[in-house]
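In: sequence isn't available, so here's the structure alone:
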């Protein structure tokens with residue numbers, strides 16, 4: 001039977017005295033943060049029974065920081081997952097006691113989004129937001145900046161004069177990658193559909209630009225159709241896919257640049273197998289993963305959500321420390337590309 005770790009064991013492992021470990025465990029006298037961290041790390045390594053208590057003691061000494069999060073439609077699996085991962089990252093910070101204030105918008109109403117931003121900014125030190133680009137939203141972001149509230153745009157950008165930093169993949173490269181996939185998986189040249197969530201999402205616009213530029217430059221035998229706007233609705237996306245297939249017998253590919261992947265998959269299931277175009281999506285929730293596994297979905301060009309959360313926390317910390325000059329204007333993340341062969 002392995003002996004239970006003692007305070008003396010923790011002290012030896014951390015390179016401190018038994019009295020120091022006792023102070024950290026019981027909170028009797030202040031201990032330097034780096035020393036307390038060494039004690040906590042040693043306690044974890046040894047499986048010390050009071051490791052959880054030490055963590056709680058350290059957390060009590062951290063300053064509380066409220067971070068606002070404004071995202072789209074909590075009923076959509078992608079945004080529900082993003083909310084959960086952002087919350088876990090923020091509340092798990094070892095530098096402050098992170099408190100998340102999350103809000104959501106469902107309708108593309110710029111005045112409503114701006115009002116929600118201002119409400120979050122009244123209570124938060126920093127705000128992360130996914131929003132369409134609109135002057136009313138930019139004005140709200142500028143109001144927050146004037147009150148020293150850092151604003152970080154995720155996935156889709158806003159005017160650079162308004163927000164603090166943007167975090168996301170390169171939209172043009174994502175679009176060109178989607179085009180490359182369709183070019184190399186389509187059985188023949190033909191028409192290609194593209195579906196965007198909104199004309200005001202910069203992220204969707206840049207993906208569409210990259211998508212079209214690839215075909216103009218490298219595959220002129222393909223013809224990219226006028227974009228369909230789906231408001232990131234699964235029902236609208238399903239109908240859009242079916243209508244594209246019915247309207248264009250030579251349709252060979254569809255690129256979904258925004259939300260609605262479950263609807264796109266449902267649409268493909270409604271058309272004859274021999275008429276199904278290659279489909280590239282922007283995310284990989286369970287329904288898309290299953291479709292990719294059965295080769296109904298051709299590929300997914302995705303945002304790396306875990307890396308996005310990590311980079312957001314790094315920038316929040318810099319903003320709290322007053323290191324505005326060190327905050328990058330853009331943080332470009334490497335995209336994740338999933339195919340049936342690398343699930």
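Out: Structure received. Predicted model only: the values in this text are computed from it and were never measured.

In: how close does the closest residue to residue 164 other than its chain neighbours sit to residue 121?
Out: Spatially, and ignoring its direct neighbours in sequence, residue 164 is nearest to residue 150 (4.4 Å; Cβ to Cβ, 6 or more residues apart in numbering). (Each C-beta comes from the backbone N, C-alpha and C, glycine too.) Remark: distance between residue 150 and residue 121 (Cβ to Cβ, to the nearest Å) = 10 Å.

In: so what sits against both of those two?
Out: Jointly contacting residue 150 and residue 121 under the rule Cβ atoms under 8 Å, 6 or more residues apart in numbering are residue 127.

In: distance-wise, check residue 337 relative to residue 223.
Out: 25 Å.

In: hang on, residue 13 packs against residue 46?
Out: Yes - Residue 13 is within contact range of residue 46, at 5.8 Å (criterion: Cβ atoms under 8 Å).

In: can you pull the contacts of the residue nearest to residue 164?
Out: When contacts are counted by Cβ under 8 Å, 6+ apart, residue 150 touches 125-127, 164-165, 315-316, 319, 327.

In: mind checking which of the residues you listed are in strands?
Out: Judged by DSSP state E, strands contain the following of the contacts of residue 150: 126-127, 165.

In: of those residues, which is the most crowded?
Out: residue 127 (29 neighbours; other Cβ atoms under 10 Å).

In: quick one: contacts for that one?
Out: 67-70, 117, 120-121, 144, 149-152.

In: closest one to residue 20 out of the contacts of residue 150, please.
Out: residue 316 (31.0 Å; Cβ to Cβ).

In: now the closest one: closest residue in space that isn't a chain neighbour?
Out: Nearest one to residue 316, counting by Cβ to Cβ, 6+ apart, is residue 126 at 4.8 Å.

In: quick one: the helices in the stretch 201-343 of the chain?
Out: Here the stretch 201-343 of the chain has its helices, by DSSP state H, counting those that start in this stretch, at 202-218, 234-247, 261-269, 286-293, 305-320.

In: okay, these, which one's buried deepest?
Out: helix 261-269 (a mean of 23; mean count of other Cβ atoms under 10 Å).

In: and it, what does it pack against?
Out: Taking 3 or more Cβ pairs under 8 Å, 6 or more residues apart in numbering; DSSP states H and E as contact, the helices and strands that helix 261-269 lies on are helix 234-247, strand 278-281, helix 286-293.

In: got JSON lines for those, with mean pLDDT and distance to residue 157 too?
Out: Shown next, in JSON lines, are these (pLDDT from 0 to 100; distance: least, Cβ to Cβ, whole Å):
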{"stretch": "helix 234-247", "mean pLDDT": "97", "distance to residue 157": "23"}
{"stretch": "strand 278-281", "mean pLDDT": "98", "distance to residue 157": "21"}
{"stretch": "helix 286-293", "mean pLDDT": "96", "distance to residue 157": "24"}
